[in-house]
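K.L.:
Give the three-dimensional model of this entry:
(2 chains)
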Amino acid sequence: MLKFFNTLSGQLEEFRPMVEGEAKLYVCGPTVWDFAHIGNFRTMAAFGDVLRRYLKYRGYSVTHVMNITDVEDRIIKFSAERGQTIDEYTSKYTEAFLEDFDSLGAERPEVTPRATRHIPEMVDIIKRLRDSGHAYESEGSYYYRIGAFKDYGKLSKINFAGNIVGGSERVATDRYEKEDARDFALWKAQDAPDEPAWDTEIGKGRPGWHIECSAMSMKYLGETFDIHAGGIDLVFPHHENEIAQSEGATGRPFARYWLHAEHLKVEGESMSKSLGNYYTFRDLQEKGFNPTAIRYLLLSVPYRKQLNFTFEGLQGAERTVESLRTFRARLREARTEPGSNAGLKAAAARALEEFEAGMDDDLNTSVALAAVHGLRRETNTALDSCVLREDDRRDILALLERFNSVLNVFPEDEAVLLDEYIQRLIDERQEARHRRDFARADEIRDQLAERGITLEDTRDGVRWKRK
RNA sequence: GCGUGCGUAGCCAAGAGGUUUAAGGCGACGGUCUGCAAAACCGUUAACCGUCGGUUCGAGUCCGACCGCGCGCUCCA
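P.N.:
You can find the predicted model right below:
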């Protein structure tokens, strides 16, 4: 039974979608003001992707939406500084994000809508909120009237009495005119003539931060949908405000399950530019790390636990992922006798059971990966002692594909073709070995090593890999 | 300051009252296999589960205090 920890109830709950067999999923996506960092990818490309993939694994037909926020104060500032339009500025980072997302082995969501392409939908919600008394206009801007939404705070359980007044200096210095300090902007009036703005029924301006997610999620998934996910920092105010906007406008429940991914730390500290431990995916790639290893590391800890990202850990993930690749390659190449082995059949069944029990338990990827490793070890042992049979080989390969349809941590084998010269050297070395001319064979192996090719002599022939 | 979460072997970590004499991965050391390697496997290594106190027949697991770290308190994945 698939269970999720729902922030709304504060409890582990069985997942029951609104419509049998269908799962409607919204994951908060990136603000494309800069290259995304590994923390963003932990949430969107690791957690969000595994959530999507496991729902599919469990037989749901998934509609997954991930927004691209392409209008926001930083974007406005930086695009102006460069003399670019918002679209010119954000297209570079949007493309980079999606490239990195793909590189990390994440499946593209069904819809990746951009905020700037949904202004009319946002205006429509603001009008409904205004007409129902949930919003008011002030100096051309629109604000949400928190006092008009009795459930405000139900997601974050925020205690306004205790901390909001004393905790934030900004409330007092807010330049906008609001009825109540807690009210938040739905629509910001254009301040200066050169400031980007949309000319709409409610005036010339730009959307507030939260309204885009209400507009785009409801447009693509319906007024009530199943799962809304994102980083834990979004619980308040972003998701709390989304609920207020959406439920205020429709009078219906918004998302039913709220899932929040914990942040990662780097070497035990918060990741920040000032500490010099702020890494984008591209930074790690430039350092030579394999995207699959990065994915593995991001997945190796359950999403509701803080993950301590370290380079030692990443190096370990490189080794682990390489051993998974070798394992699958070895199994694919193995020549086996017909029949099956009862011990392996049981091992495979056990691995499947552990994998599903782990994943069902709020996506415990640590347990799921342990199941994969257990099967890897038992299968390798069987291969070593030649007791693996043809049915086992076929069944375990199929099982690995099932696991991998969720985890996607087995790196694909690289292009099989070697250039002719290298292939000739490999062949020549094999001949030398048959002649027992090991000096020549080792000479060739060293030569290939210099070209970054490592050889492994196996029972089933020679295998090579790029270092 | 208020709220919230976390602190498990050299590193990353699962586990949340009794088959735990604490999963899994990485590392280190020894061995098997190999012409030698590589890969793989086997074995060893290594945790009084942050500290102190409490509840309980029994506590990494519950409660309290303290120390350290993360997150939120309307910029943030």
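K.L.:
The closest residue to RNA strand B within the stretch 151-300 of chain A - how many residues pack around it?
P.N.:
RNA strand B sits closest to residue A:231 of the stretch 151-300 of chain A, with a gap of 1.1 Å, by C-beta to the nearest atom of the strand. C-beta coordinates here come from the backbone N, C-alpha and C atoms, glycine included. When neighbours are counted by other C-beta atoms under 10 Å, residue A:231 registers 20.
K.L.:
Now do it against residue A:285, distance only.
P.N.:
Computed as C-beta to C-beta, to the nearest Å, the residue A:231 to residue A:285 distance reads 22 Å.
K.L.:
next one: residue A:304
P.N.:
From residue A:304 to residue A:285 the distance is 27 Å (C-beta to C-beta).
K.L.:
Quick check on these two: which one has the bigger neighbour count.
P.N.:
More crowded of residue A:304 and residue A:285, by other C-beta under 10 Å: residue A:304, with 17 against 14.
K.L.:
so who does the more buried one touch?
P.N.:
Taking C-beta atoms under 8 Å, 6 or more residues apart in numbering as the contact definition, residue A:304 lies against A:5, A:260, A:261, A:262, A:362.
K.L.:
do that again at 7 Å, thanks
P.N.:
Remark: with contacts taken as C-beta atoms under 7 Å, 6 or more residues apart in numbering, residue A:304 is in contact with A:5, A:262, A:362.
K.L.:
Any chance you could give me stretch A:389-402 in PDB, C-alpha atoms only?
P.N.:
Coordinates of each C-alpha in stretch A:389-402 appear next as PDB, following Å, rounded to 0.1, in the frame of the first residue of the first chain:
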ATOM      1  CA  ARG A 389      20.700 -20.400 -15.300                       C
ATOM      2  CA  GLU A 390      19.100 -18.900 -18.400                       C
ATOM      3  CA  ASP A 391      15.700 -18.300 -16.700                       C
ATOM      4  CA  ASP A 392      17.400 -16.500 -13.800                       C
ATOM      5  CA  ARG A 393      19.400 -14.400 -16.200                       C
ATOM      6  CA  ARG A 394      16.300 -13.300 -18.100                       C
ATOM      7  CA  ASP A 395      14.200 -12.800 -15.000                       C
ATOM      8  CA  ILE A 396      16.800 -10.800 -13.100                       C
ATOM      9  CA  LEU A 397      17.500  -8.600 -16.100                       C
ATOM     10  CA  ALA A 398      13.800  -7.900 -16.400                       C
ATOM     11  CA  LEU A 399      13.700  -7.100 -12.700                       C
ATOM     12  CA  LEU A 400      16.600  -4.700 -12.900                       C
ATOM     13  CA  GLU A 401      14.700  -2.900 -15.700                       C
ATOM     14  CA  ARG A 402      11.700  -2.600 -13.400                       C
END
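K.L.:
is RNA strand B contacted by it?
P.N.:
No. For stretch A:389-402 and RNA strand B, the contact criterion (C-beta under 7 Å from any atom of the strand) is not met; the two come no nearer than 13.2 Å.
K.L.:
who touches that stretch?
P.N.:
A:328, A:331-332, A:334, A:336-341, A:344-345, A:348, A:351-352, A:375, A:379, A:410.
K.L.:
Repeat the analysis, applying 8 Å as the threshold.
P.N.:
Contacts of stretch A:389-402 (C-beta under 8 Å, 6+ apart): A:57, A:328, A:331-332, A:334, A:336-341, A:344-345, A:348, A:351-352, A:372, A:375, A:379, A:382, A:410.
K.L.:
Turn the buried ones among the residues you listed into a named PyMOL selection, would you?
P.N.:
Applying 16 or more other C-beta atoms under 10 Å to the contacts of stretch A:389-402, the buried members can be selected in PyMOL as follows:
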select buried, chain A and resi 57+328+331+334+336+340+341+344+348+351+372+375+379+382+410
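K.L.:
Please narrow the contacts of stretch A:389-402 to those residing in helices.
P.N.:
A:57, A:328, A:331-332, A:344-345, A:348, A:351-352, A:372, A:375, A:379, A:382 (DSSP state H).
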